[in-house]
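In: okay, structure incoming, though there's no sequence with it:
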């Protein structure tokens, strides 16, 4: 249509300064033996992911537009072409770096070079390599299928099984290696099932549902600039924070409180307080298995944060590039991978509270109870740039069940319904999404404000997730088995 | 442009008959324990690959045309749109089936269920799983990059590193697992290097060159209907035949020559001739490692033959669908995978003799000595449907070096040059490809005949390859170490 928006100018000097830092972190394990070298290298690769995506996204945008992968921003006055499916670039960078990372975590040479003590000298089992490879395979399949979806514009019904297909390598390798399908039973159910129950095939069903959920839940909470990528970013940061709790930090943080010499004879010099240390730190309580799982999770999450930050720079309001389905597929699959391989799927789901709420809210429209228009994003008033809730109109009077749902949702202030002034019949309702729900309750706001509100909700819900996981969970589970 | 060609009608009854056969082969190991069950399942998956590709290629053609992935046949009068990049369908079927095959070769349950004797009870090492996964990862990367190439129409210079990038998982896992980089030295060089020499990093360089070669050599020997797929098919069949020589066939083929009873007392009943048997058969001579390598190679080659046959049905003259770069990338990578993982890269290269010849022939054009037009395929006379060699014209008189090359190639009958009648200067030469070379030497022929000629050349060169490998190789190598 018209000329594309000029790309956002890059912060050249900070980027130039970051490059040697990334290089140093990656090359360090090759020249000297350090504890947790793989994690350092992973951090280096994440910086590289950030630098690559912030640089490549605008550089490759014109090629995408030329290949017809472009769209217009429905909530802007400009009808400039904006490159679409840029998630392909993020996914390619992400997966390539994950592959280049293989030797740092899994080669005999690097893993065994550090002769430190305890868990920081990990002897990372080579058997874990096939787990890692199957994860990358699933990510790559999700990327390819997502890109096929973007190119061929696959129909909604045919999209649904895509994450299932992409999860096959993950599940098959899990099965082939005789993966654990036991779960710990909540306390109040133990009188029926015992402490541990083997779910068997049901466990695989649960895992495939997890991949479908994590992928699609990001895909349906979308439509305004920066929304998909900011969700992914906050969830990835939350997973990282959770992982960090289980790490065997090699340093001891010792706080010495000076004891005056005249007192030392009496109370001794025991006024020191030590946290950390090779075995003692973290919630892993010396369990090598738990440490390995959370290390693996970090290897996947750190570069994801890198690409998200780089891409967000260009996807932030007003967006210069769109993520496309490719982005949602690969990022959703990344979460499924860490949840499944790290055995913390329940904790992971806690970080998806806004997405779960949005999915439950969407159900009446997804399952045909309420008419679902092609786009459910809020509508914009181009004069004021304010967003208002978008509505779905009822051509004919809704049936009894629909009316009941509308009344309940309206009473809960999830939606706002409009009635005919004369007859009192329901003629329209705001669309059933968290975006419209916020606008209904808070009032019209700009697109930038709305995405910030949703990000705040996501951050708040991550706080709640940690409170539930490490507070309330003690009521129904004992110990920290998962 | 105009309406697409109607797809070739499918042989419905044979396809329907094949489906239960495929199902039986795949499901058999689940219900009963059989020797070499994985190989049987692989054969079942190959049938499935054939059925899926012969059915899906025409079914999905219209979607490809709609998405702009279409082309016109330059050698036909019709200007109908023909779907392009259909290699994506082949690659997707191939990779999905390779993934679904994982449990048959690598799960404890199936591998250990057969309680037979010797090598047919393989106890397939789970360590091999990461090798298998890294191979699939490389195939999937080649597919994604090939498809990106088709969608974005990547420039020639940027294409070259694509197979290198796709080969990274293969090489990294090879390295991470401490892969063997020793090669056996030919007899006549042993006085310098000894019997075995460790190539170290050079070995990785050689392997990455192999992937680049096998991918691009198929890509440049292309342009007429059915050429890419028939090359792939014949090379894959040759690799399979070579693999079969190393298998521990569980059956003994015993030929009994009846001994008349009046003679039995004198010469005994020893007129029986036995080939096969668990340990004795094949060139593996009881080496479990050799058997495993060639089994792995078969797991990759059998489904490739399946998809190729299915796709060939629609790509055969006059073509209803085009392979695109995707096809060349994934099939070339499949050969690189078996050559590298199976440690028979030298034997593999012998099957590429026509491609090597075509590459060497192309060098003067690839490296700019002789002008290289956009298309080098033969030109067609639409009235007679006969193909004639295409030519490259010299705008100005070629320099000394080029003239020398032209004269040598012309004397060897690889090309035909045309001189100005008056000045005697070279004004044009046929393009430097095996296709034009055949047309120069044999004369004009139809497209169908030309592809058959090239196929015959490929088959003949495979015969030569076997003769060299199992005949001449004995002169420079002892034993059957690779």
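Out: Alright, I've got the coordinates. Note that the coordinates shown come from a computational prediction; the quantities given were computed from them, not determined experimentally.

In: what bits of the stretch 201-350 of chain A have low per-residue confidence?
Out: Applying pLDDT under 70 to the stretch 201-350 of chain A picks out residues A:249-286.

In: can you show me the strands along it?
Out: A:252-256, A:272-276 (DSSP state E, counting those that start in this stretch).

In: helices along the stretch 201-350 of chain A, start to end?
Out: Remark: helices assigned in the stretch 201-350 of chain A by DSSP state H, counting those that start in this stretch are A:201-220, A:227-244, A:261-267, A:288-315, A:324-341, A:345-350.

In: give me the number of residues near residue A:152?
Out: Using other Cβ atoms under 10 Å in any protein chain shown, residue A:152 has 16 other residues around it. In this view, the C-beta of every residue, glycine as well, is placed from N, C-alpha and C.

In: likewise residue A:191?
Out: 8.

In: for residue A:66, same thing?
Out: When neighbours are defined as other Cβ under 10 Å, residue A:66 has 12 of them.

In: how close does it sit to residue A:449?
Out: Residue A:66 sits 34 Å away from residue A:449 when distances are taken as Cβ to Cβ, to the nearest Å.

In: please apply the same query to residue A:192.
Out: 49 Å.

In: neighbour count winner among the two?
Out: More crowded of residue A:192 and residue A:449, by other Cβ under 10 Å: residue A:449, with 15 against 8.

In: quick check, residue A:428 in contact with residue A:395.
Out: No: assessed by Cβ atoms under 8 Å, residue A:428 is found out of contact with residue A:395, at 10.4 Å.

In: of those two, which one has the most company?
Out: More neighbours surround residue A:428 than the other of residue A:428 and residue A:395, with 15 against 7 (other Cβ under 10 Å).

In: my read is the more buried one is in a strand, agree?
Out: Yes: the assignment for residue A:428 by DSSP: H, G, I helix; E, B strand; the rest coil puts it in a strand.

In: list the contacts of it.
Out: A:391-394, A:417-418 (Cβ atoms under 8 Å, 6 or more residues apart in numbering or on different chains).

In: check it and give its pLDDT.
Out: Among the per-residue scores, residue A:428 shows a pLDDT of 92.

In: hey, what's it bridged with?
Out: Under DSSP bridges, the beta-bridge partners of residue A:428 are residue A:393, residue A:418.

In: once you drop chain neighbours, what's closest to residue A:243?
Out: Nearest residue to residue A:243 in three dimensions, chain neighbours excluded: residue A:294, at 4.1 Å (Cβ to Cβ, 6 or more residues apart in numbering or on different chains).

In: show me the contacts for that neighbour.
Out: A:242-247, A:284, A:342.

In: may I see the buried residues of stretch A:149-167?
Out: By neighbour count with 16 or more other Cβ atoms under 10 Å in any protein chain shown, stretch A:149-167 contains the buried residues A:149-152, A:154, A:159, A:162-163, A:165-167.

In: so which of these belong to strands?
Out: Among these, no member falls in strands (criterion: DSSP state E).

In: buried subset of the contacts of residue A:428 as a PyMOL selection?
Out: Typed into PyMOL, the line below selects the buried ones among the contacts of residue A:428, using 16+ other Cβ under 10 Å:
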select buried, chain A and resi 391+392+394+417
